[in-house]
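# Sequence first, then the predicted structure:
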Amino acid sequence: MTDEWRGWREAAQAALYGDEGFYRSPSRSPRGPAGHFRTSVHASPLFAAAVARLLTGTARELGTGTVALVDVGSGRGELPTGVLAALDALPWRPDVTAYAVEVAARPPGLDPRIEWCAQPPEGVTGLLFANEWLDNVPAEVAEADPDGVPRYVRVRASDGAERLGEPVSGADLAWLERWWPLTAPGERAEIGRTRDAAWARAVGSLTAGLAVAVDYAHVRGARPPFGTLAGFRDGREVRPVPDGSCDLTAHVALDACAAAVAAAVPGAGAELTDQRAALRRLGVGGGRPPIGLAATDPAGYVRALASAGEAAELTARGGLGDFGWLLHRVGLPAPPP
């Protein structure tokens, strides 16, 4: 790390994905992302089971018994591991080739059925799933100066100190004006062009199937006025310092990502919803089991009660249930209304 002033995109890229970066260095993050923040995958196996049902439903729509599962931003492969286990318990399951897409090295002991790769494979058919990936795609940060002019925020890697740089221009300025206009001095935004491009490339890797991005998100007209850039380490939010010592994350403008896919992938329809609604469609609810079950099957009641608690966490307002789900159908007919 150096003391030079750089844009947040360049600084975060080195801090997260450089040779000694947070996601690549075993010494900095030996347990992977799960050691620093808790996602839906870590919260409950119900999440992986729901993804397994989504995968089997996609296979049926495609009319095939052979599909791919591509998990983008796979961490230590927790999601494909859970999906394969859930598929094994289903009455019917397609033949699945599972891919874990991650920059870190393959973890020891990972299920040998899971292929480890640095980029999404091209030309596959099936389900591409990106859970809390786009929020870790580095983006430039802009702030309106005292005259209301959007300027790039420059950061010093050693301590996270910031200062304003040159005015935002070109394609970055066009993105801000369309998706996140800054209207008052001090307002900030994360310029999401890098996320748009990354998601469009990922969706474009599918020949046919379903692509899903799941992330903390916001839409135009309801953007946070001061941005969302944050750091996480050991399960706690910390000051975002791009020195490789912490996760660096920012919420995602999923509406802009959807528009980028529409421009780059012909015919890829888009649906933007929240996790609460998406998981309920996949059979994950938060209702308590009937109290009568406690008398007839006490052990079953305890299991059902625990499952209901996990489902409630996955769909909770103000928590995981508020995650945005962006779904694209590639080579599939539009879903019924």
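Arrived safely.
# what stretches of the stretch 201-337 of the chain score poorly on pLDDT?
Within the stretch 201-337 of the chain, the segments meeting pLDDT under 70 span 286-309, 336-337.
# could you redo the last one with a cut-off of 50?
Low-confidence segments of the stretch 201-337 of the chain (pLDDT under 50): 301.
# can you map out the strands along it?
Remark: strands assigned in the stretch 201-337 of the chain by DSSP state E, counting those that start in this stretch are 206-215, 217-218, 230-233, 236-238, 247-249, 252-253, 269-274, 324-330.
# Dump these into CSV; add distance to Arg53 as well.
Every residue, glycine included, has its C-beta placed from N, CA and C. As requested, the strands of the stretch 201-337 of the chain are arranged in CSV below (distance: least, Cβ to Cβ, whole Å):
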stretch, distance to Arg53
strand 206-215, 12
strand 217-218, 23
strand 230-233, 30
strand 236-238, 33
strand 247-249, 28
strand 252-253, 25
strand 269-274, 16
strand 324-330, 14
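# Which one, of those, ends up nearest to Gly318?
Smallest distance to Gly318 across those (Cβ to Cβ): 11.7 Å, for strand 269-274.
# circling back: kindly reformat the strands of the stretch 201-337 of the chain as TSV containing distance to Val103 and mean neighbour count.
Conversion of the strands of the stretch 201-337 of the chain to TSV gives the following (distance: least, Cβ to Cβ, whole Å; neighbours: other Cβ atoms under 10 Å):
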stretch	distance to Val103	mean neighbour count
strand 206-215	18	24
strand 217-218	23	20
strand 230-233	18	18
strand 236-238	22	13
strand 247-249	13	23
strand 252-253	19	28
strand 269-274	27	16
strand 324-330	22	22
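# Can you tell me which of those is nearest to Ala105?
If you check each of these against Ala105 by Cβ to Cβ, strand 247-249 wins as the nearest, at 18.0 Å.
# on that earlier part again, determine which of the strands of the stretch 201-337 of the chain approaches Leu173 most closely.
Taking Cβ to Cβ, strand 252-253 is the member of those nearest to Leu173, at 15.4 Å.
# Centre of the chain to the closest one, how far?
Chain-centre distance of strand 252-253: 10 Å, with Cα atoms, centre = their mean, to the nearest Å.
# ok, that strand: who's next to it in the sheet?
With DSSP bridges as the test, strand 252-253 is paired with strand 217-218 (parallel).
# Tell me the spacing between Ser25 and Asn131.
Distance of Ser25 to Asn131, computed by Cβ to Cβ, to the nearest Å: 22 Å.
# Comparing those two, which shows the higher neighbour count?
Neighbours were counted for Ser25 and for Asn131 using other Cβ atoms under 10 Å; Asn131 has more, 23 against 14.
# so what's the backbone phi/psi at that one?
When read as degrees, to the nearest 10, the backbone of Asn131 gives phi -100, psi 110.
# Let me see the contact set for the nearest residue to it once chain neighbours are set aside.
Nearest non-adjacent residue to Asn131, counting by Cβ to Cβ, 6 or more residues apart in numbering: Val214, 4.7 Å away. Going by Cβ atoms under 8 Å, 6 or more residues apart in numbering, Val214 touches 40, 129-132, 275, 323-326.
# ranges for the strands of the stretch 51-200 of the chain?
In the stretch 51-200 of the chain, the segments counted as strands under DSSP E, counting those that start in this stretch are 66-72, 95-101, 114-117, 124-131, 140-144, 150-156, 162-167, 188-191.
# what does the fourth one contact?
With Cβ under 8 Å, 6+ apart as the contact definition, strand 124-131 has outside contacts at 39-41, 51, 54-55, 58-59, 62, 64, 66-73, 79, 96-97, 99, 120, 199, 202-203, 205-215.
# still on that earlier bit, what is the nearest of the contacts of Val214 to Ala250?
Among those, Glu132 lies closest to Ala250 (Cβ to Cβ), at 11.7 Å.
# what's the spacing between that closest one and Ala43?
12 Å.
# What remains of the contacts of strand 124-131 if I keep only buried residues?
39-41, 51, 54-55, 58-59, 62, 67-73, 79, 96-97, 99, 120, 199, 202-203, 205-206, 208-215 (16 or more other Cβ atoms under 10 Å).
# So which residues of this protein form helices?
With helices called from DSSP state H, the chain shows them at 8-17, 40-43, 45-62, 78-88, 170-179, 193-204, 254-264, 275-281, 293-296, 298-314.
# Could you export the ones you listed as a markdown table, including distance to Phe226?
Shown next, in a markdown table, are the helices of the chain (distance: least, Cβ to Cβ, whole Å):
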| stretch | distance to Phe226 |
| --- | --- |
| helix 8-17 | 14 |
| helix 40-43 | 26 |
| helix 45-62 | 31 |
| helix 78-88 | 32 |
| helix 170-179 | 15 |
| helix 193-204 | 19 |
| helix 254-264 | 19 |
| helix 275-281 | 24 |
| helix 293-296 | 48 |
| helix 298-314 | 28 |
